[in-house]
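A.B. asks: Sequence and computational prediction follow.
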Amino acid sequence: MPKVISVINQKGGAGKTTASTNIASQLHSEGFNVLLVDIDPQGSASNWSAAKGENDETFPVIKLDKTLQRDLPRIAKGYDYVIIDGAPQVSELAAVAIRVADVVIIPVQPSPYDVWACADLVDVVKTRQMVTDGQPKAAFLISMAMDNTNITAEIKEVIKGYELPVLTHCTHRTVVYPETAKTGESVISLKKAGGPHPAAQDIQNITAEIKGLLNG
């Protein structure tokens, strides 16, 4: 069975689709068979897939709805990883994405308002964990962190109140995410000064952390 990573946040603009598409691209670049599932009614991941056409980063992106739990076992056969780009609100779709997940990743911008908005989602995750012996695992991902500020460290302190872990690595605010997204690409192939672009390194590090959660 594939490992299922659900990326969920009910607040729009949290970096959910950016995380989903780039983590999926990173796993694909490592040689894994990856399926990206779009359950967001806005269809952002599907639009990203349509923009990219056929290239080296191509992997299947499909759109599902409330049938996710019923259909995923059949559709996901043969894949190593399934990434779910979740719905942008606490809804039946989000609850289903939590039920099928091995890991739930909650992207949140470094703002107390964004952290406070996660309360209902965290409650749904914890309720699920209570009846399934701590599954799925879950963690916050700080997205679009700002360099040379203390806000990210401060937000991590605020998040501790939810009693869920925070990934050590985060994405940083940079134009390369929207610039690559508009052509259906990811940041992982970007280079800078002969090495990986800092955004590419962020995604590599985040993906490695998530794999660590999956492997216990």
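C.D. replies: Perfect, thanks for sending it. Numbers count the residues shown, from 1 in each chain.
A.B. asks: longest helix of the chain?
C.D. replies: With secondary structure taken from DSSP state H, the chain has its longest helix at helix 198-214.
A.B. asks: Sort out which residues of that one are buried, please.
C.D. replies: 199-207, 209-211, 213 (16 or more other C-beta atoms under 10 Å). The way it works is simple: take the backbone N, C-alpha and C, and place the C-beta from them, glycine included.
A.B. asks: Please apply the same query to stretch 46-64.
C.D. replies: Buried residues in stretch 46-64, counted by 16+ other C-beta under 10 Å: 46-49, 52, 57, 59, 61-62, 64.
A.B. asks: So for the closest residue to residue 50 other than its chain neighbours, what's the pLDDT?
C.D. replies: Nearest residue to residue 50, sequence neighbours excluded (C-beta to C-beta, 6 or more residues apart in numbering): residue 184, at 7.1 Å. Here, the pLDDT recorded for residue 184 equals 89.
A.B. asks: Can you verify residue 184 is assigned to a helix?
C.D. replies: No: judged by DSSP: H, G, I helix; E, B strand; the rest coil, residue 184 forms no part of a helix; its state is coil.
A.B. asks: Surely it touches residue 52?
C.D. replies: Yes: contact criterion C-beta atoms under 8 Å: residue 184 and residue 52 qualify, at 2.4 Å.
A.B. asks: Just name the shakiest helix or strand of the chain by mean pLDDT.
C.D. replies: Using mean pLDDT, DSSP states H and E, helix 151-159 stands out as the lowest-scoring helix or strand of the chain, at a mean of 77.
A.B. asks: In terms of secondary structure, what does that one contact?
C.D. replies: Under the contact criterion of 3 or more C-beta pairs under 8 Å, 6 or more residues apart in numbering; DSSP states H and E, helix 151-159 touches helix 112-116, strand 137-142.
A.B. asks: sorry, back to before: of the buried residues of helix 198-214, closest to residue 7?
C.D. replies: Distances from residue 7 to these, taken as C-beta to C-beta, are shortest for residue 210 (9.7 Å).
A.B. asks: ok, the closest one - contacts?
C.D. replies: 5, 23, 103, 105, 139, 167 (C-beta atoms under 8 Å, 6 or more residues apart in numbering).
A.B. asks: No more questions from me, cheers.
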